[in-house]
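# I'd like to go over a predicted model; first the sequence, then the structure.
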Amino acid sequence: MSAEHHDDARRLEALAELDILDTPRELAFDRLTGLCRKMFDVPMSTLTFIDGHRQWFKAAEGMAEQEGDRRPALCNYAIRQSEPLVIPDTHQDPRLDGNVLVYGKPFIRFYAGAQLRISGANVGTLCVMDTRPRAFGALEVEMLQDLAAIAVDELMLRNLSLRDSLTGALSRRAFRSEGERLRALAERHGHALTCALLDVDHFKSVNDTHGHGVGDVVLTKVVEACQNVLRASDVIGRLGGEEFGIVLPHTRLGDAMAVLEKMRSAVAALSIDSPSGPIRVTASFGVVDFTPGQPFDAMLERADQAMYAAKTNGRNQVIAWVDAAPSLAPTLRRVFKAGQIAFNAGRSTFDCTVRALSETAAALDVIATADVPEQFKLAIANDGFSRACRMTARSDKRVEVVFV
């Protein structure tokens, strides 16, 4: 096993433990990148994490995108070394000759990144960037390292938090833990259990039109409306920006549909004050009931598929997931591995992150699925794994395959 593959495996293990990827903005991290921008007088600063196929920004100042391809990312170079990476002029670094982030937007000419080291692995960086060359002295490197250490401390404290600081719902980590506990109880005692996902419709347009402050109020009011319907024994947690998970113990699917319909109506009835007048929002729900032997992650995935169906069928509705052929469905276990998609006899490749795996199938996250062919080879270098695949489903950033 090469050192690079070993580091990939350790980094993804640490990221899985943190459960930080694709989580909402948090003020503590926004403040850090804002402070970096002011302290070092730069137009761009990010708190970046690297998974199997992308760089993802937990916080970003001066950057239009929230994620991008891992391969050209300057942070991808930084995580391969133990000391901060400083590039005074990217045009003078042969590694970056023709790099799309240097010679295209955002036209990075200067870069400095301090590693975020957790559980013996560099999981990402706190970095600052400029569109012009500049010097960066030893004192500035030391200050950037100190700020990166603060980011690591905040990440570790975050892992101990049980509540989302904005809405008061359970944190994603706490929700998954409680959901798995309730699933195990349902398995042991033969109780009914249902799981649902809620996604606020057209939430991006709320943020774009009214600002993130108003968007935060909307999310808080949506959670309040849902909690007014739920019982004390029910669980709601924030999984993503505008996505929430719900667990209803001792509740069969038909009864759960009725509860979720009340929640949907309560959200649709909200009138939320804003400087430009009242705002009305709706939400789409996907729900699945528990079947013995089914992991909680599989319930979330199926609820997500049902919620996606609610979105594509017009939004503002509740849809249940239905297994058309349960005997044919492979049992996928949740994993978090760096992989590579190869086709054209190996001449074309994409990095991917393997999120679920079985003896016969897999689910893969990619930057975009448009250029992924229907058949390809999947390799997981760290496991010495290589299998020919046929695609069975695709969404914007995920493909599902069976091995052939």
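Structure received. Numbering: from 1, shown residues only.
# okay, the closest residue to residue 363 other than its chain neighbours and residue 292: tell me how far apart.
Excluding its sequence neighbours, the residue lying closest to residue 363 (CB to CB, 6 or more residues apart in numbering) is residue 356, at 4.0 Å. To be clear about C-beta, it is placed using only N, CA and C from the backbone, and glycine gets the same treatment. Noted for residue 356: a distance of 19 Å to residue 292, by CB to CB, to the nearest Å.
# and the two? Which one has more around it.
residue 356 (22 against 7; other CB atoms under 10 Å).
# and that one, how far from residue 193?
For residue 356, the distance to residue 193 equals 21 Å [CB to CB].
# same question for residue 92.
Using CB to CB, one gets 59 Å for the distance from residue 92 to residue 193.
# do the same with residue 179
9 Å.
# where in the chain is the helix or strand with the lowest mean pLDDT?
helix 3-18 (a mean of 80; mean pLDDT, DSSP states H and E).
# buried residues in that helix?
Neighbour counts over helix 3-18 (16 or more other CB atoms under 10 Å) mark 7, 8, 9, 10, 11, 12, 13, 14, 15, 18 as buried.
# can you check stretch 285-295 too?
Within stretch 285-295, the residues that qualify as buried are 285, 286, 287, 288, 289, 290, 294, counting by 16+ other CB under 10 Å.
# and for stretch 243-261?
For stretch 243-261, by 16+ other CB under 10 Å, it's 243-251, 253, 256-257, 259-260.
# could you redo the residues you listed as CSV and give each row pLDDT, distance to residue 274 and secondary structure?
Formatted as CSV, those follow (pLDDT from 0 to 100; distance: CB to CB, whole Å; DSSP: H, G, I helix; E, B strand; the rest coil):
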residue, pLDDT, distance to residue 274, secondary structure
243, 95, 22, strand
244, 97, 21, strand
245, 97, 27, strand
246, 98, 26, strand
247, 98, 31, strand
248, 97, 32, strand
249, 96, 36, strand
250, 95, 39, coil
251, 96, 35, coil
253, 94, 37, helix
256, 96, 32, helix
257, 96, 32, helix
259, 96, 29, helix
260, 97, 27, helix
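# turn these into a markdown table, including distance to residue 139.
Shown next, in a markdown table, are these (distance: CB to CB, whole Å):
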| residue | distance to residue 139 |
| --- | --- |
| 243 | 42 |
| 244 | 44 |
| 245 | 45 |
| 246 | 50 |
| 247 | 50 |
| 248 | 56 |
| 249 | 56 |
| 250 | 60 |
| 251 | 59 |
| 253 | 62 |
| 256 | 58 |
| 257 | 61 |
| 259 | 58 |
| 260 | 56 |
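# circling back to that earlier point, more neighbours: which of residue 92 and residue 193?
residue 193 (25 against 10).
# next, the contact list for the more buried one, please.
Residue 193 is in contact with 182, 183, 186, 247, 248, 249, 250, 251, 289, 290, counting by CB atoms under 8 Å, 6 or more residues apart in numbering.
# out of those residues, which one sits closest to residue 80?
residue 183 (38.9 Å; CB to CB).
# distance check, residue 119 against residue 341.
Plainly put, residue 119 is 28 Å away from residue 341 if you go by CB to CB.
# what does residue 184 give?
Distance from residue 184 to residue 341, by CB to CB: 35 Å.
# next one: residue 202
Using CB to CB, residue 202 is found at 32 Å from residue 341.
# the stretch 151-300 of the chain: strands as residue ranges?
Secondary structure of the stretch 151-300 of the chain (DSSP state E, counting those that start in this stretch): strands located at 193-200, 235-238, 243-249, 283-289.
# what is the third one packed up against?
Contact analysis of strand 243-249 by 3 or more CB pairs under 8 Å, 6 or more residues apart in numbering; DSSP states H and E lists helix 172-189, strand 193-200, helix 212-227, strand 235-238, helix 253-268 as its packing neighbours.
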